[in-house]
Structure formats: structure tokens, C-alpha cells
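Novice: from the sequence below, what's the structure:
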Amino acid sequence: MTTTSQPIPSSPRSSPGLKVSEAVMRWAQRLSLDPRQIPTPSALDRAFPNPGRPGVSTHALDDWEDRFGVALPTPLRVWLELCDGFPGDGSLIHPLRGLGPMLPFARPPGVVLIPEGWIELGNPRSESETVCMDLEDRRAWEGPGHDCPVFVSGDDLRGLPARIIAPGFVPWFLRLLHEDGRESWSEPSFVDLGCPWRSHQERVAPPELPAPLRPWLEPVDVLLAEGRSLERIADQLHLLSDEVETLIRHLQHRRRGTFSGVNGSAPWPTIPPPPAASRPAGSPLVPACSGRLPVGGSPPSSL
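Specialist: Residues are numbered from 1 along each chain as shown. Below you'll find the model as predicted:
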């Protein structure tokens, strides 16, 4: 996915936003959450004394979804309407203008290109791992507030793999509130919910592959196995970079493993709160952002 970064309008800063405690109470009411799940207003005021940013408009949220081609889960949308991000020393939840495709500090095994629905939700105080969400993985998370899994990016330099830390925004956010913003997922005793890429493979449909690109699957697969870059593959096969990206996304997704949850146990435990050469150069087989599929050439007989 290629996006052009443009500033997303935020709410005016002429007046402070809601107190965190008030924003949390309104958020919980709009989601019809059990009040017993929410910390008391006095506890929230002690933990988060600074007011939040003014919320963003539904129009701004719709614009974000149109730009990135994925829908934000309802609990996160509701929060951003009340408070644009989350106050604190770091940015546990980015303002809307800061939400976007995640940067791969650790690359899960088998991943060549990060899935398009993986976004960076926040960059905590530790700054070693970002908090992310898989906005495409929505099919099999059962339970209140279990929508898109929340995971941490991992860090190859520290030997930390990407790992799921909550089955949705609600359980992650409630735990964060009960623990006064503490990043409990970074502690050695924290039990994660497995690999986000394995979950994605099992629970998200593979990217659509237009018919004109299908003959190139095997040649691209061979070159990937040889360690060729996307740019080298595109040059050697006379394909556009976007076409090679589509092929790679399809190839990496169809190599399915089995997602077994935590340490091979039953999956999805709950986190309770709290604790082409023949065509003219530059002529695309599949034009970007178009439903039309022009007739393509034939894949080369040899590499």
C-alpha cells in the first residue's frame, strides 16, 4: 500500500479537552460497559491528572479510514471522538494524525511485507516497542470488546518478537487504566497471546490476486527464495513495483501455519481487567486503485 502522508485535521487547541476520568466515563457509557470494569473517577484523576486533547470529528475519522482503506474498531473511534490520543509521558494512543502503518522493528518469520491493516496505535515511554493493531483480524475474536488484536512490534535488536498482548482495544485499554498507564506487557511475567502474523494468516482472507498476475506467482516465488528484493524482481520480470507487491502479499499469506494461542494451549484466552516482457514498458497489468483488469502479457518462460 502506497500512501501520501497528508496532515489530518485535528480539533482546535484553543481550549483543553475533557479530564481523563470524564472521557473514560463517557466512553464506557457509549459502549454500554459494566461500570464495575472501570476505575473510579478519583483513581483516574490521581493516575492521569492532565486533561486530554479535544476529540476529533466523525468527519476526520471517516477521512482517515478512506485514506488508509481500513476501518477503525468502534471502541477506538469512540475514544478518539472524546479524546484525541491519550495523555501521559509518552503516547500510549497517538492522536489521529499520528495513526498510520506500523514500522517493522521486528519482522515475524515468513513476513516479507507488513500487512496493510497493521497500524501503529502508540509509542509508549519505553520507546523500545510500539503498540500496534491488526485492523483486518476481526473474524474470530469472541467476547465483549474483542475486535482487532493489539500487539507489540517487537525489537530485533533486543531479541523481542512481535506478540499479541490483548484480543481487542477494550481489554487492552481497561487494563492500562487499572494499572495507571503501566506497560505491563513489557514485564517478564506477562503472558502474551501468540504471534500476530500467525493469527493474521489463520483469520484473515488472503489478499485478492487479479487473474492477469497469477502466471507470475511461481517466478516471483523463485526469486524471493533467492533473496531478491522487490525492486530487483520487478526489474527482472518487467513488472511494476505495485504488481510485485501484490504477488508477494499473496505468496506470504498462503504459506499458512497453525495458530495455537499461548504456548500451544487453547487459543484466545481472555485478559480480564484488572490484573511482463511482452508488454510495453511501464504498462501496468493491474492499474492502481482501479477495478479494471487490462489484458497482460505472458510470464517469461525462464528466469
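Novice: got the end-to-end distance for stretch 225-232?
Specialist: 13 Å (Cα to Cα, to the nearest Å).
Novice: mean confidence score for it?
Specialist: For stretch 225-232, mean pLDDT is 85.
Novice: what lies in contact with it?
Specialist: Leu113, Leu223, Gln236, Ser241, Val244, Glu245, Ile248 (Cβ atoms under 8 Å, 6 or more residues apart in numbering). Glycine gets a C-beta too; all of them are placed from N, C-alpha and C.
Novice: state the distance from Ser229 to Arg254.
Specialist: Remark: distance between Ser229 and Arg254 (Cβ to Cβ, to the nearest Å) = 21 Å.
Novice: hang on, I meant Leu72
Specialist: For Leu72 relative to Arg254 (Cβ to Cβ), the value is 27 Å.
Novice: with Asp155 instead?
Specialist: 28 Å.
Novice: out of the two, which sits in the busier spot?
Specialist: Using other Cβ atoms under 10 Å as the criterion, Asp155 and Arg254 rank with Asp155 on top: 17 against 12.
Novice: please report phi then psi for the more buried one.
Specialist: phi -150, psi 110 (degrees, to the nearest 10).
Novice: quick one: pLDDT of it?
Specialist: 79.
Novice: surely it meets Thr130?
Specialist: No - with contact defined as Cβ atoms under 8 Å, Asp155 does not reach Thr130; the gap is 9.3 Å.
Novice: now find how far off-centre stretch 112-128 is within its chain.
Specialist: A distance of 7 Å separates the centroid of the chain from that of stretch 112-128, by Cα atoms, centre = their mean, to the nearest Å.
Novice: pull that stretch out as PDB, backbone CA atoms only.
Specialist: Taking C-alpha atoms only, stretch 112-128 is exported to PDB below (Å, rounded to 0.1, in the frame of the first residue of the first chain):
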ATOM      1  CA  VAL A 112       8.300 -10.000   3.600                       C
ATOM      2  CA  LEU A 113       5.800  -7.100   3.500                       C
ATOM      3  CA  ILE A 114       3.900  -5.900   6.600                       C
ATOM      4  CA  PRO A 115       0.200  -6.400   6.200                       C
ATOM      5  CA  GLU A 116      -1.600  -3.300   5.100                       C
ATOM      6  CA  GLY A 117      -4.000  -3.400   8.100                       C
ATOM      7  CA  TRP A 118      -1.300  -3.200  10.700                       C
ATOM      8  CA  ILE A 119      -1.200   0.200  12.200                       C
ATOM      9  CA  GLU A 120       0.800   1.800  15.000                       C
ATOM     10  CA  LEU A 121      -1.500   2.700  17.800                       C
ATOM     11  CA  GLY A 122       1.000   4.300  20.200                       C
ATOM     12  CA  ASN A 123       4.700   4.700  21.200                       C
ATOM     13  CA  PRO A 124       5.000   4.100  24.900                       C
ATOM     14  CA  ARG A 125       7.500   5.600  27.300                       C
ATOM     15  CA  SER A 126       9.900   2.700  26.900                       C
ATOM     16  CA  GLU A 127      10.200   3.500  23.200                       C
ATOM     17  CA  SER A 128      11.600   0.000  22.600                       C
END
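Novice: which parts of it are buried?
Specialist: Under the neighbour-count criterion of 16 or more other Cβ atoms under 10 Å, stretch 112-128 has 113-124, 128 buried.
Novice: just the ones in strands from these, please.
Specialist: Assignment to strands by DSSP state E places the following of those there: Trp118, Ile119, Glu120, Leu121, Gly122.
Novice: so which of the residues you listed is the closest to Leu99?
Specialist: Among these, Ile119 lies closest to Leu99 (Cβ to Cβ), at 5.7 Å.
Novice: hmm, that closest one is touching Glu136, no?
Specialist: No - with contact defined as Cβ under 8 Å, Ile119 and Glu136 do not form a contacting pair (10.2 Å).
Novice: need the overlap of contacts for these two.
Specialist: Joint contacts of Ile119 and Glu136 (Cβ under 8 Å, 6+ apart) are Val70.
Novice: could you point out which element follows the lowest-mean-pLDDT helix or strand in the chain?
Specialist: The weakest-scoring helix or strand in the chain, judged by mean pLDDT, DSSP states H and E, is helix 196-203 (a mean of 82). Helices and strands here follow DSSP states H and E; after helix 196-203, the next one along the chain is helix 217-225.
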